[in-house]
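[1] Based on what follows, work out the 3D shape:
(one chain, ligands or ions: 1)
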Amino acid sequence: MAYTRRPESAGRVRRTRNLAVKAAFCPFCVGKVKIDYKDVSMLSHYISGQGKIGSRRRTKACAKHQRRLAEAIKRARFLAMLPFTPSHIWKTGSLGVHRSEI
Ligand SMILES: [Zn+2]
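    Got it, this is the predicted structure:
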């Protein structure tokens, strides 16, 4: 072996994640939620207070559904149903949740 292992006291102790944690399930695969760009109240759950699209870690979506979710949010943004920036939130007063009730 070319590499020698440094003693534990030499460097920072690297803590690994507990791999026994239960696997995150994709809510879209399970079928509880359908992705639709017109469903603003659903999409607003997956954007942050700053209007950013939530990460996979936050949304718990699989890669396939994260792509579809991001696409739907971008489409809704283009149609002015969701905000691009916080300044849009201030102008509309919300994330567009109330407008979807109409
Ligand atoms: Zn999925």
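[2] the longest helix in this protein is where?
    Secondary structure assigned by DSSP state H gives helix 63-78 as the longest helix of the chain.
[3] Mind listing residues that contact it?
    Applying C-beta atoms under 8 Å, 6 or more residues apart in numbering, the contact partners of helix 63-78 are 26, 28-29, 35-38, 40, 43, 46-47, 53, 56, 59, 61, 82-84, 96. In this view, the C-beta of every residue, glycine as well, is placed from N, C-alpha and C.
[4] buried set for it?
    The neighbour-count criterion (16 or more other C-beta atoms under 10 Å) identifies 65, 66, 68, 69, 70, 72, 73, 76, 77 as the buried residues of helix 63-78.
[5] which bits of the chain sit near the ion?
    Listed as neighbours of the ion in the chain under the rule C-beta under 5 Å from the ion: 26, 28, 29, 62, 65.
[6] I'd like the C-alpha coordinates of the longest helix of the chain written as CSV, please.
    Taking C-alpha atoms only, helix 63-78 is exported to CSV below (Å, rounded to 0.1, in the frame of the first residue of the first chain):
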residue,chain,number,x,y,z
ALA,A,63,-34.1,12.2,-10.0
LYS,A,64,-36.9,11.7,-12.6
HIS,A,65,-39.5,13.5,-10.6
GLN,A,66,-37.2,16.2,-9.5
ARG,A,67,-36.6,17.1,-13.1
ARG,A,68,-40.3,17.1,-13.8
LEU,A,69,-40.9,19.2,-10.7
ALA,A,70,-38.3,21.8,-11.7
GLU,A,71,-39.8,21.9,-15.2
ALA,A,72,-43.3,22.5,-13.7
ILE,A,73,-42.1,25.2,-11.4
LYS,A,74,-40.2,27.0,-14.2
ARG,A,75,-43.3,26.7,-16.4
ALA,A,76,-45.5,28.2,-13.6
ARG,A,77,-43.0,31.0,-13.1
PHE,A,78,-43.1,31.8,-16.8
